[in-house]
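Novice: Here is a sequence together with a model predicted from it:
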Amino acid sequence: MPLSMCRIGSTVVVKDLSVDEALTKRLYSMGLIKGAFLKVISTEHQGPVTIELLGSQLALGYEIASQIQVVTAKYH
């Protein structure tokens, strides 16, 4: 499911990034890589998604969050 569809408070694992190469490099530099655990802090209807990643909070635009595929974390 896309990150933009996740519920507040859910913990998810990144499965795929369907963004261009430049954005992939930028996200990777922030630690947002395949297999990373994320906690969804807030979402807005077609607005930014705030996540917690490696102890920091990041806000991602709706379009970017829609291109990040995640699955619910079973054990975290």
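Specialist: Sure thing, it's come through. Numbers count the residues shown, from 1 in each chain.

Novice: Which parts of this protein are strands?
Specialist: 11-17, 37-43, 49-53, 56-60, 68-72 (DSSP state E).

Novice: Please identify which of these is closest to residue 2.
Specialist: strand 68-72 (6.3 Å; CB to CB). Where you see a C-beta, it was placed from the backbone N, CA and C, and this is true even at glycine.

Novice: Which other helices and strands does that closest one contact?
Specialist: Strand 68-72 sits against strand 11-17, with contacts defined as 3 or more CB pairs under 8 Å, 6 or more residues apart in numbering; DSSP states H and E.

Novice: pull the CA atoms of the strand it packs on into CSV?
Specialist: The C-alpha trace of strand 11-17 is given here as CSV (Å, rounded to 0.1, in the frame of the first residue of the first chain):
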residue,chain,number,x,y,z
THR,A,11,4.5,1.2,12.0
VAL,A,12,5.3,0.2,8.4
VAL,A,13,8.3,-1.2,6.5
VAL,A,14,9.4,0.4,3.2
LYS,A,15,9.1,-2.1,0.3
ASP,A,16,9.6,0.0,-2.8
LEU,A,17,10.4,3.6,-3.9
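
Novice: Begin at 50 from now on, thanks
Specialist: All right, first residue 50 from here; so that's strand 60-66.

Novice: Direction included, what does that strand pair against?
Specialist: strand 86-92 (antiparallel), strand 117-121 (antiparallel) (DSSP bridges).

Novice: circling back to that earlier point, compare the strands of the chain and give me the one nearest residue 77.
Specialist: Ranking the strands of the chain by proximity to residue 77 (CB to CB) places strand 60-66 first, at 8.4 Å.

Novice: In that closest one, which residues are buried?
Specialist: Across strand 60-66, burial judged by 16 or more other CB atoms under 10 Å covers 60, 61, 62, 63, 66.

Novice: Make CSV out of these and add distance to residue 80.
Specialist: Formatted as CSV, the buried residues of strand 60-66 follow (distance: CB to CB, whole Å):
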residue, distance to residue 80
60, 15
61, 14
62, 13
63, 10
66, 12
